[in-house]
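Trainee: sequence first, then the predicted structure, then my questions.
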Amino acid sequence: MKFVIDTHALIWFLEGNSRLGLNAKAVLSDPDSQLVIPATTLAEAVWIVERGRTSLASSKDIIAAVKADERVLIYPLNQEVIEMTMSLSAINEMHDRQIVATALVLAGKGEMVQLLTCDKNITASNAVPIVW
């Protein structure tokens with residue numbers, strides 16, 4: 001199983017924020033979890049930290065944490081992901097579409113995938129299995 005990480009899940013895990021769902025926290029804490037961070041998630045997390053919207057001191061903290069975690073694969077925002085977003089009109093926000101599209105691209109390659117998110121728009125789309 002691969003777990004694709006949404007922006008809030010990544011930030012809240014790194015902050016130790018209590019808003020992180022218990023199931024998502026368990027996955028992110030498990031040393032055997034296979035974690036996939038879409039490039040969009042990483043870019044959006046850096047943007048949010050730079051705007052002072054988290055308790056993380058610096059966007060460098062996110063980059064350092066991701067680099068240090070051997071379980072993490074950064075998945076690129078490539079043409080395949082962009083093309084997949086075109087089928088996700090039920091999801092209103094561009095970044096959310098790209099994150100879901102990443103999960104769907106992986107699933108299309110035969111991977112078992114779940115998305116760590118609490119985003120209501122993503123959850124309501126029923127596009128991918130959700131863990132929270």
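Mentor: Done, it's in.

Trainee: please state the offset of the longest helix that the chain contains from the chain centre?
Mentor: Counting by DSSP state H, the longest helix found in the chain is helix 94-108. Helix 94-108 sits 9 Å away from the centroid of its parent chain (C-alpha atoms, centre = their mean, to the nearest Å).

Trainee: so which bits of it are buried?
Mentor: Going by neighbour count (16 or more other C-beta atoms under 10 Å), the buried part of helix 94-108 is 95-107. Yep, even glycine has a C-beta here, placed from its N, CA and C like the rest.

Trainee: return the list of helices and strands in contact with it.
Mentor: If you count contacts as 3 or more C-beta pairs under 8 Å, 6 or more residues apart in numbering; DSSP states H and E, helix 94-108 packs onto strand 2-5, strand 34-38, helix 39-50, strand 72-75, helix 79-85, strand 113-116, helix 120-125.

Trainee: tilt between it and helix 39-50?
Mentor: 150 degrees (axes from the mean of the first three to the mean of the last three C-alpha atoms, to 10 degrees).
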